[in-house]
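Visitor: Structure for this input, please:
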Amino acid sequence: MSVDHYENFPVASVLCPPALRPAVTAIYWFARTADDIADEGDATPEQRLADLDAYREDLRSVARGHAPTPRWEGVFVPLAAMFRRHHLPLPLLEALLSAFEQDTHQRRYPDRAAVLDYCKRSANPVGRLLLHLYGVRDLDSLTQSDAICTALQLINFWQDLSVDLPRDRLYVPLLDCAEVGVGVPDLMRQRDTGATRALVEKEVRWARELMLSGAPLATRLPGRTGWELRLVVQGGLRILDKIEAMEFEVLRRRPKIGVADGPGLLWRAVWMRVT
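Guide: The predicted structure follows:
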């Protein structure tokens with residue numbers, strides 16, 4: 001589907017089971033719009049929070065079976081139909097909103113625990129919503145889904161350093177910066193040094209370990225669902241490979257996945273080991 005934002009990973013792709021594509025698309029637009037409310041334009045933090053609060057009220061309204069306000073009908077009318085059809089878990093959608101609210105006022109994270117708490121709300125609910133649609137409920141699958149989603153969020157952070165730093169947003173844990181001797185002011189000025197590259201290497205290793213811990217889920221899920229997740233996992237790992245190939249110099253350059261990466265991703269997806 002056509003979106004204005006660059007996306008690394010497939011959304012409602014041809015591999016998604018056709019019966020679930022409307023639900024995946026509705027969830028995507030719910031999250032995409034909320035993210036834009038929190039990040040885009042020149043609104044004040046106070047106005048963003050007020051808009052997100054109104055957005056939450058529309059969410060709760062359609063979850064109760066009521067009509068949304070006209071402001072975001074394009075988001076909530078399709079989402080309301082998916083609530084009726086699939087009984088979407090409201091707490092997971094509200095968790096996403098809490099992460100977007102956090103983005104309006106928090107720009108530093110003291111340690112990995114704080115980053116993981118953010119990922120628990122900004123990324124993990126998406127995976128759990130998809131597993132809900134697929135009828136997957138077991139604890140091992142949920143745990144591995146969380147690992148994949150957290151890894152994807154971390155990968156996006158490290159991929160987007162050149163975009164986030166000029167906006168005064170830093171998701172790299174401050175404790176990690178201190179451990180490798182990187183001063184935050186130098187990092188915010190996007191100064192490429194041996195220390196900053198060592199820092200990025202440290203964060204890339206963290207993301208890769210998480211991704212590999214969750215990857216077995218992709219080989220267990222059947223049919224199109226499993227194949228799409230294989231490509232998602234391999235897409236994330238490919239971004240990490242590109243960061244490594246750049247020798248971790250991503251403070252001013254942003255690696256991307258392109259058409260030329262497609263055959264390699266397919267090859268890697270086919271040869272993922274079943275566990």
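
Visitor: Quick check: mean pLDDT of the longest helix that the chain contains?
Guide: Secondary structure of the chain per DSSP state H: the longest helix is helix 223-245. Per-residue pLDDT over helix 223-245 has a mean of 93.

Visitor: Show me what the helix or strand following that helix is packed up against.
Guide: Later in the chain than helix 223-245, the nearest helix or strand by DSSP states H and E is helix 262-270. On a contact count with 3 or more CB pairs under 8 Å, 6 or more residues apart in numbering; DSSP states H and E, helix 262-270 meets helix 223-245. From N, CA and C alone the C-beta is placed, and that goes for glycine too.

Visitor: got the angle for the helix it packs on vs helix 262-270?
Guide: 120 degrees (axes from the mean of the first three to the mean of the last three CA atoms, to 10 degrees).

Visitor: Flag every buried residue along the longest helix of the chain.
Guide: Buried positions in helix 223-245, judged by neighbour count with 16 or more other CB atoms under 10 Å: 225-243.

Visitor: just stretch 83-102 next, same as before
Guide: For stretch 83-102, by 16+ other CB under 10 Å, it's F83, H86, L88, L92, L93, A95, L96, L97, A99, F100, E101.

Visitor: residues in contact with that stretch?
Guide: Contact with stretch 83-102 is made by 23, 27, 30-31, 34-35, 37-38, 49, 52, 55-56, 59-60, 62-63, 65, 79, 82, 118, 120-122, 124-126, 128-129, 132-133, as judged by CB atoms under 8 Å, 6 or more residues apart in numbering.

Visitor: Please produce a PyMOL select command covering the buried subset of the residues you listed.
Guide: Selection of buried members from those for PyMOL, criterion 16+ other CB under 10 Å:
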select buried, resi 23+27+30+31+34+35+37+38+49+52+55+56+59+62+63+79+82+118+120+121+122+124+125+126+128+129+132+133
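
Visitor: any idea of the mean pLDDT in stretch 151-171?
Guide: What stretch 151-171 shows for mean pLDDT is 95.

Visitor: export it as PDB, just CAs?
Guide: This file holds the C-alpha atoms of stretch 151-171, laid out as PDB (Å, rounded to 0.1, in the frame of the first residue of the first chain):
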ATOM      1  CA  ALA A 151      14.900  -5.700  18.000                       C
ATOM      2  CA  LEU A 152      13.100  -4.000  15.100                       C
ATOM      3  CA  GLN A 153      12.600  -0.900  17.200                       C
ATOM      4  CA  LEU A 154      16.200  -0.800  18.300                       C
ATOM      5  CA  ILE A 155      17.400  -1.300  14.700                       C
ATOM      6  CA  ASN A 156      15.200   1.600  13.600                       C
ATOM      7  CA  PHE A 157      16.800   3.700  16.400                       C
ATOM      8  CA  TRP A 158      20.400   2.900  15.200                       C
ATOM      9  CA  GLN A 159      19.400   3.300  11.600                       C
ATOM     10  CA  ASP A 160      17.900   6.700  12.200                       C
ATOM     11  CA  LEU A 161      20.600   8.300  14.300                       C
ATOM     12  CA  SER A 162      21.300  10.800  11.500                       C
ATOM     13  CA  VAL A 163      17.600  11.800  11.500                       C
ATOM     14  CA  ASP A 164      16.900  11.800  15.300                       C
ATOM     15  CA  LEU A 165      20.100  13.600  16.600                       C
ATOM     16  CA  PRO A 166      19.300  16.800  14.700                       C
ATOM     17  CA  ARG A 167      15.900  16.700  16.300                       C
ATOM     18  CA  ASP A 168      17.400  16.400  19.800                       C
ATOM     19  CA  ARG A 169      16.200  12.900  20.200                       C
ATOM     20  CA  LEU A 170      18.500  10.200  21.600                       C
ATOM     21  CA  TYR A 171      17.500   6.600  22.200                       C
END
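
Visitor: Helix, strand or coil: sort out the residue of the chain most remote from its centre for me.
Guide: In terms of distance from the mean C-alpha position of the chain, H66 ranks first, at 29.2 Å (CA atoms, centre = their mean). With DSSP: H, G, I helix; E, B strand; the rest coil as the basis, H66 sits in coil.

Visitor: tell me the mean pLDDT over stretch 182-200?
Guide: On average, stretch 182-200 scores 95.

Visitor: Could I get the buried residue list for that stretch?
Guide: Result for stretch 182-200 [16+ other CB under 10 Å]: buried residues V182, L187, D192, A195, T196, R197, L199, V200.
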